[in-house]
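Student: What follows is a protein structure lacking sequence information:
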């Protein structure tokens, strides 16, 4: 009985993926910045922004699923935390819960990545829905770096949300975290090039995949 070929998984176009990831953050920022112009009190701005953030996150996940018929792990986990902690923020009228969201999400990803490495399982390809084809050594090194970086982001969020105003935290969440993440990702380019698995089984540096 012939074995049927497994169709390749569909991927979002890069611009669409970026829009779905940044869209909810943009809605969150503008909701906090302009809620007063729509008749909300100043002390209600973050709650309005949180409600819009939840809706925008769910819409982004739904669009992603309709487009490729699956949900990547990282946005899905982040979305669940947004709904849970955003919901607690609205239910209890306490902004601390939504401020904890980046700390919890980044700590969770950091723990999963470094915990996987402890058991010999570099999980970065699964967690980040990566399309890179690296050797095992490349995945180990990249996973270790991203694990530490996620804990760094969690620590930065804690410092900012506990020492700065809510408006500053919202701006940093939207305009600070993403540039930091992009800069870190670009800094990994030499590692990606060095440990990229070639069609002939070698890496860019010339080592075979068995040696990596």
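Tutor: Arrived safely. Remember, predicted model here, so these are calculated numbers, not experimental data.
Student: Residue 144 reaches residue 115, doesn't it?
Tutor: No: the pair residue 144 and residue 115 fails to qualify as a contact (Cβ atoms under 8 Å) at a distance of 11.7 Å. Every residue, glycine included, has its C-beta placed from N, CA and C.
Student: And those two? Which one has more around it.
Tutor: With neighbours defined as other Cβ atoms under 10 Å, residue 144 and residue 115 compare such that residue 144 has more, 15 against 12.
Student: Tell me how far the closest residue to residue 71 other than its chain neighbours lies from residue 139.
Tutor: Once flanking residues are discounted, residue 71 sits nearest to residue 65: 5.5 Å by Cβ to Cβ, 6 or more residues apart in numbering. In this view, residue 65 and residue 139 are 27 Å apart by Cβ to Cβ, to the nearest Å.
Student: pLDDT at the residue nearest to residue 71, what is it?
Tutor: On pLDDT, residue 65 comes in at 91.
Student: How about residue 75?
Tutor: pLDDT, residue 75: 85.
Student: Tell me which residues of the helix or strand harbouring it come out buried.
Tutor: Per DSSP states H and E, residue 75 falls inside helix 73-92. Neighbour-count burial for helix 73-92, counted by 16 or more other Cβ atoms under 10 Å, picks out 75, 77-79, 81-83, 85-86, 88-90.
Student: Out of the residues you listed, which comes closest to residue 166?
Tutor: Distance to residue 166, by Cβ to Cβ, is smallest for residue 89 among these, at 11.7 Å.
Student: So what touches the lowest-mean-pLDDT helix or strand in the chain?
Tutor: None of the helices or strands of the chain scores lower by mean pLDDT, DSSP states H and E than helix 124-127, at a mean of 73. Helix 124-127 has contacts (Cβ atoms under 8 Å, 6 or more residues apart in numbering) with 73-74, 109, 112-113, 130, 132, 139, 142-143, 146.
Student: repeat for stretch 14-33
Tutor: So stretch 14-33 is contacted by 11-12, 45-46, 48-53, 55-57, 59-60, 63-64, 67, 75, 82, 166-167, 170-171, 173-175, 178 (Cβ under 8 Å, 6+ apart).
Student: Tell me which of the residues you listed fall in strands.
Tutor: Within the contacts of stretch 14-33, no residue falls in strands by DSSP state E.
Student: who are the neighbours in contact with the residue lying closest to residue 38 once chain neighbours are set aside?
Tutor: Of all residues not flanking residue 38 in the chain, residue 48 sits nearest, at 8.0 Å (Cβ to Cβ, 6+ apart). Neighbouring residues of residue 48 by Cβ under 8 Å, 6+ apart: 31-32, 35, 38, 40.
Student: What distance do you get for residue 48 to residue 89?
Tutor: Counting by Cβ to Cβ, the gap between residue 48 and residue 89 amounts to 11 Å.
Student: Repeat that for residue 81.
Tutor: 12 Å.
Student: what's the answer for residue 132, then?
Tutor: 36 Å.
Student: quick one: low-confidence parts of this protein?
Tutor: Residue ranges of the chain with pLDDT under 70: 1-11, 127-131, 199-212.
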